[in-house]
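Asker: build me a structure from this.
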Amino acid sequence: MALSDLIYPENPRRRQELIHLHQELLGCMSMNFHATNELAEVLNAHLGCTITHIKMRESSTVKENCDIIIRAMREIQCQVQKIDGEMKKKLEPVLYQKLYDIKEPELEKIAIAHKVFSIVLGEVTSTAGMVAVKLLSSNLITITVCKLVSLLAQIGASVLGGISITVLGLGMEMILHAILGAVERNQLLAAVRSYEEHLTEFKEASEKYQHAIHEVTSLVRHQVQ
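Answerer: Numbers count the residues shown, from 1 in each chain. Got it, this is the predicted structure:
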């Protein structure tokens, strides 16, 4: 037993907590990478976008991977803003307002959006209008993505940001060594608390983000079938 464990008997339990929390964080990040790519594929296939596929870099730190997702999300935000701009430019003000009116029938909104994309892109898929309406009228881009971008930035700037993600496939001792290599060993409790604080909010925001994207992709798959 290490001397620090004799002096601080809670350390072994905290180490286990730290390992578990780190794995949970990386699991959330991995799912967010996957969800972001799914949304990008839909935008590229149906709305004429060219959003780059992203991949988690196992040789990089948590912060560097946070930055990768943030860039992709901001690119998606930018593309949706461009779509909104096209709608505003091509439609009469009354028709444009209908897209955001919760009282308007969904099918009418889809028909309006599809007409615009037919003009802008020429040939469009039958689901283009539906995808555009779902993105513009939901809070996926305005709230959900913004919230997750903010949390990713906070995680990247915290003590967690400097930790490598390569520990995913390693044993417990190697995971612990990699995590503690980024912080002082006497900061074990602080590291656990930092993970807990960030992870609770990050998990909740990630689940909302993934659910919102699943709604869009499910509609597309249902339409295609």
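Asker: element containing Val220?
Answerer: Per DSSP states H and E: Val220 is located in helix 188-224.
Asker: wait, isn't Leu135 in contact with Glu215?
Answerer: No: contact criterion CB atoms under 8 Å: Leu135 and Glu215 do not qualify, at 10.5 Å. No exception for glycine: its C-beta is placed from N, CA and C like everyone else's.
Asker: helices of this protein, residue ranges please.
Answerer: Using DSSP state H, the helices found in the chain span residues 3-7, 11-47, 62-90, 93-100, 106-121, 128-137, 146-157, 172-180, 188-224.
Asker: what's the most buried one of these?
Answerer: Burial of those is given as mean neighbour count (mean count of other CB atoms under 10 Å); helix 128-137 ranks first at a mean of 22.
Asker: in TSV, list the helices of the chain along with mean pLDDT and distance to Lys55.
Answerer: What follows is these, written out as TSV (pLDDT from 0 to 100; distance: least, CB to CB, whole Å):
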stretch	mean pLDDT	distance to Lys55
helix 3-7	37	38
helix 11-47	84	7
helix 62-90	90	8
helix 93-100	87	34
helix 106-121	81	28
helix 128-137	82	24
helix 146-157	87	16
helix 172-180	53	20
helix 188-224	81	17
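Asker: do you know which of those helices lies nearest Ile54?
Answerer: Within those, the stretch nearest Ile54 is helix 62-90; the backing value is 4.8 Å (CB to CB).
Asker: report the angle between the axes of the closest one and helix 93-100?
Answerer: Inter-element angle recorded for helix 62-90 and helix 93-100: 140 degrees (by axes from the mean of the first three to the mean of the last three CA atoms, to 10 degrees).
Asker: next, Gln50: phi, psi?
Answerer: For the record, residue 50 is Thr, not Gln. phi -130, psi 60 (degrees, to the nearest 10).
Asker: now it. Nearest residue, chain neighbours left out?
Answerer: Once flanking residues are discounted, Thr50 sits nearest to Asn44: 6.3 Å by CB to CB, 6 or more residues apart in numbering.
Asker: so who does the nearest residue to Ile141 once chain neighbours are set aside touch?
Answerer: The shortest distance from Ile141 to any non-neighbouring residue, by CB to CB, 6+ apart, is to Val80 (4.8 Å). Taking CB atoms under 8 Å, 6 or more residues apart in numbering, we find Val80 in contact with Leu135, Leu136, Ile141.
Asker: any idea how far the second one lies from Pro105?
Answerer: Counting by CB to CB, to the nearest Å, the gap between Leu136 and Pro105 amounts to 15 Å.
Asker: one more: the first one?
Answerer: When CB to CB is the yardstick, Leu135 and Pro105 sit 18 Å from each other.
Asker: from Val94, how far out is Gln154?
Answerer: Gln154 sits 41 Å away from Val94, taking CB to CB as the criterion.
Asker: can you check Leu43 too?
Answerer: Counting by CB to CB, the gap from Leu43 to Val94 is 27 Å.
Asker: quick check, His46 in contact with Thr127.
Answerer: Yes: His46 is within contact range of Thr127, at 5.4 Å (criterion: CB under 8 Å).
Asker: any residues in contact with both of these two?
Answerer: Common contacts of His46 and Thr127 (CB under 8 Å, 6+ apart): Val220.
Asker: mind listing what Met31 touches?
Answerer: Ser206, Gln210.
Asker: quick check, central residue of the chain?
Answerer: The centroid of the chain falls nearest to Asn32 when counting by CA atoms, centre = their mean (4.3 Å).
Asker: what about that one, distance to Ile155?
Answerer: Counting by CB to CB, the gap from Asn32 to Ile155 is 11 Å.
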